[in-house]
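In: for reference, the sequence and a predicted model appear below.
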Amino acid sequence: MILLSSFLNNFIQLVGVLVIFGFVLVITYFATKWIGGFQKMQMHGRNLQVIESMQLAPNKYIEIVKAGEVYLVIAVGKDEVTMLTRLTGEQLGITEGEMEEGCAGGKAAGAGSQETFQEILNRFREHFPKKQD
């Protein structure tokens, strides 16, 4: 009888811990979404936009930035930002329609546009054999 009572007590504690853990995960998810949306709205501007970014080494990036109507290629380091060159839309292969469509969809246009998680997951799944029933 005492053994059954002890087992039941341990089981209830386990279920309680799992419920609390799930609650913490849900709160973390929504807090992350809220902070991400808040930061996106803070960074949203009409005149500056990062078109593409590529990491060269830790804390070193090359970025294509649209400033007004000019495209700039910049090198970003830990303590410095250096302009490398200017580009035109024709050199990038971006039309104004693609640029507006990319902004409306939340993605940068161009060859190195950012993919959604679902697109990456689908591409990853293609490399594994299909499960046969």
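Out: Great, that's in hand.
In: what's the first helix or strand after the lowest-mean-pLDDT helix or strand in the chain?
Out: Least confident helix or strand, the chain: helix 96-104 with a mean of 48, by mean pLDDT, DSSP states H and E. Sequence order places helix 117-125 as the next helix or strand after helix 96-104, per DSSP states H and E.
In: the longest strand along the chain pairs with which strands?
Out: Longest strand of the chain, by residue count under DSSP state E: strand 48-57. Take DSSP bridges as the rule and strand 48-57 pairs in its sheet with strand 60-67 (antiparallel).
In: the strand it pairs with: which residues count as buried?
Out: For strand 60-67, the buried set under the neighbour-count rule, 16 or more other Cβ atoms under 10 Å, comprises Glu63, Ile64, Val65, Lys66. Quick note: C-beta positions are derived from backbone N, CA and C, even for glycine.
In: ok so, going back, please save the CA atoms from the longest strand of the chain in CSV.
Out: Coordinates of the C-alpha atoms in strand 48-57 are reproduced here as CSV (Å, rounded to 0.1, in the frame of the first residue of the first chain):
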residue,chain,number,x,y,z
LEU,A,48,18.0,51.5,-45.9
GLN,A,49,17.6,47.8,-46.6
VAL,A,50,20.0,44.8,-46.5
ILE,A,51,19.6,43.0,-49.7
GLU,A,52,22.1,40.1,-49.1
SER,A,53,24.6,39.2,-46.4
MET,A,54,27.4,36.6,-46.3
GLN,A,55,29.6,35.7,-43.4
LEU,A,56,33.3,35.4,-44.3
ALA,A,57,34.6,34.6,-40.8
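In: let's have the buried residues of strand 60-67 in a markdown table, adding pLDDT and distance to Leu4.
Out: Shown next, in a markdown table, are the buried residues of strand 60-67 (pLDDT from 0 to 100; distance: Cβ to Cβ, whole Å):
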| residue | pLDDT | distance to Leu4 |
| --- | --- | --- |
| Glu63 | 93 | 65 |
| Ile64 | 91 | 68 |
| Val65 | 90 | 68 |
| Lys66 | 88 | 69 |
